[in-house]
Structure formats: structure tokens, C-alpha cells
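Novice: need the 3D shape of this:
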Amino acid sequence: MAGFPAGVARAANGAYAVDAADISEVGSCKVESWLQAATNTDFSAVANPSCAVNIFTPVELSLQTVRSRSDGDWSNTIAPRAKWNIAPTGIGRLGYSFYAGGLFDALTGENLTAFAVVPATYRLSENMRINVNAGWLWDRTVDRHYLTYGLGFDWKFTEVLQWTIEAFGQAGATDTPSVVRPRFQTGVRYRPNEIFSVDLIYGHNITGENANWITIGTTVRFPAPDQRPARERTGHL
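Specialist: Residues are numbered from 1 along each chain as shown. Model (predicted):
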């Protein structure tokens with residue numbers, strides 16, 4: 001089946017599919033991980049370590065590993081990705097970035113998909129932002145190309161709670177209608193400090209399988225030496 005494999009095409013926003021334009025501070029790292037279970041028994045376990053480094057220009061590098069079950073079949077995949085910020089975000093100002101990567105079978109090394117995405121973020125305030133994603137996905141297993149899209153809204157409504165709602169998907173030719181139907185997620189993030197956060201998310205059709213999903217995710221952040229975490233430096237969520 002064509003479509004986003006579970007856990008793929010995430011970047012700087014953990015288990016959420018619509019990415020923000022920001023990248024981490026150079027020298028900082030983080031480990032995002034999440035478990036997803038669907039009403040049709042599909043399942044995925046994802047670990048996504050990433051670090052921001054300076055290679056001529058700041059770039060955030062990640063290597064996502066996914067153990068998933070779809071239609072009763074298990075698979076192991078890895079997804080390397082690089083992300084560059086092009087225009088910084090700010091209140092009342094549009095920022096955008098670019099990331100690209102691929103998905104590989106961890107056992108055979110076969111390249112399953114390639115993708116490129118432009119995330120844009122408009123900050124309404126320090127605690128609210130709108131994220132828009134547009135991109136391209138090549139599903140090499142069926143040799144089809146898709147336009148990808150996403151629209152999300154983040155609201156930090158208390159000092160420790162953030163609500164996210166997003167719709168995303170892909171457009172193109174397919175033999176399975178649910179593959180090109182819009183996908184939906186909404187969830188709450190609990191972030192008691194700058195280092196750790198946990199997410200509880202409900203989603204529908206998030207990998208093109210037309211099922212309901214529950215996701216539990218965590219993020220552990222490692223700020224750059226002698227640097228304060230991003231929220232303390234900018235005031236933004």
C-alpha cells in the first residue's frame with residue numbers, strides 16, 4: 001500500500017506529522033520516541049535521535065528507526081534526514097526551512113521512499129503558531145510520486161500544556177482511496193520543564209490505512225553546552 005509508513009515524515013515535532021520551521025540550537029541534541037497503536041491492530045515503535053551541527057551552515061541531522069506492523073506484517077526501517085532553516089520565525093513574521101531524506105529497509109538496505117518538504121511557520125504570539133508544510137514523496141515500492149501537504153496549529157495554553165491540531169496527507173494517483181484521503185491528529189503535550197515532554201495524541205488514517213490511532217510519545221532534550229534551552233532564549237513555544 002502506498003502512503004506514509006507509520007512514524008515517517010516527522011521532523012522537529014515528535015510524533016506530530018506537521019513540522020515547524022525552526023531547527024534546534026547548534027550543539028544541542030534530543031531523542032524523540034513514540035508508540036502508536038491502531039484500531040486495525042497496526043502498530044509502530046519509533047526512536048528519532050537528532051543533533052544540530054554546523055556544516056558550513058546550521059543543519060539538524062536525524063536518524064529515525066521504526067519497528068512497525070501493517071496488515072499483520074512486521075518491518076524494520078530507518079529514515080535519515082537533514083533539515084536547514086532558511087528564514088527564522090518570529091511573531092508576525094513568516095519563517096521557513098527545508099528538509100529531505102529517505103526511508104530504507106533496515107534488513108536489506110532497499111530505498112523505499114524519498115521525500116523533501118518545505119515547512120513554514122507563522123507565529124501569532126509567543127504561545128500560538130500556525131505551521132504549513134508542502135512537499136514531495138516518491139514511493140519507490142510502487143514507483144509513484146505524490147504531493148504532500150500539512151496544516152497545523154499549536155497553542156501553549158498554560159505554562160506546562162500545549163495543544164496541537166493538524167491535518168495532512170498526500171495527493172496523487174493510487175489504487176487505494178484512503179491513501180489520498182486527508183489525515184488528522186490532535187493531542188496535548190505536557191512539558192514540566194525545558195528538558196522533558198510527553199504527548200498523548202489521537203489520530204485518524206495517519207498512515208493511509210483508514211483506522212483510528214492512539215500515540216504516546218516522549219522527548220528528552222540535551223541543550224548545547226553553556227546555552228539555555230530554546231524556550232528560555234526566545235520565549236516562544
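Novice: what's the distance between Pro26 and Ile55?
Specialist: Heads up, residue 26 is Val, not Pro. 10 Å (C-beta to C-beta, to the nearest Å). (C-beta placed from N, C-alpha, C; glycine too.)
Novice: can you check Trp163 too?
Specialist: Distance of Trp163 to Ile55, computed by C-beta to C-beta: 35 Å.
Novice: those two - which one has more neighbours?
Specialist: Trp163 (14 against 10; other C-beta atoms under 10 Å).
Novice: does Gly208 touch Asp175 like I think?
Specialist: No - look at Gly208 against Asp175 with C-beta atoms under 8 Å: they stay out of range, at 11.7 Å.
Novice: of these two, who's got more company?
Specialist: Gly208 (23 against 9).
Novice: quick one, phi psi at the more buried one?
Specialist: phi 80, psi 20 (degrees, to the nearest 10).
Novice: and the gap between it and Val59?
Specialist: Taking C-beta to C-beta, one finds Gly208 at 30 Å from Val59.
Novice: next one: Gly169
Specialist: Taken as C-beta to C-beta, the span from Gly169 to Val59 is 27 Å.
Novice: what's the mean pLDDT across the one helix or strand Asn76 maps to?
Specialist: Asn76 is part of strand 73-87 when elements are defined by DSSP states H and E. Taken as a whole, strand 73-87 has a mean pLDDT of 96.
Novice: try stretch 163-171
Specialist: Averaged across stretch 163-171, the pLDDT comes to 96.
Novice: so how far is it from its chain's centroid?
Specialist: Its chain's average C-alpha position is 11 Å from that of stretch 163-171, according to C-alpha atoms, centre = their mean, to the nearest Å.
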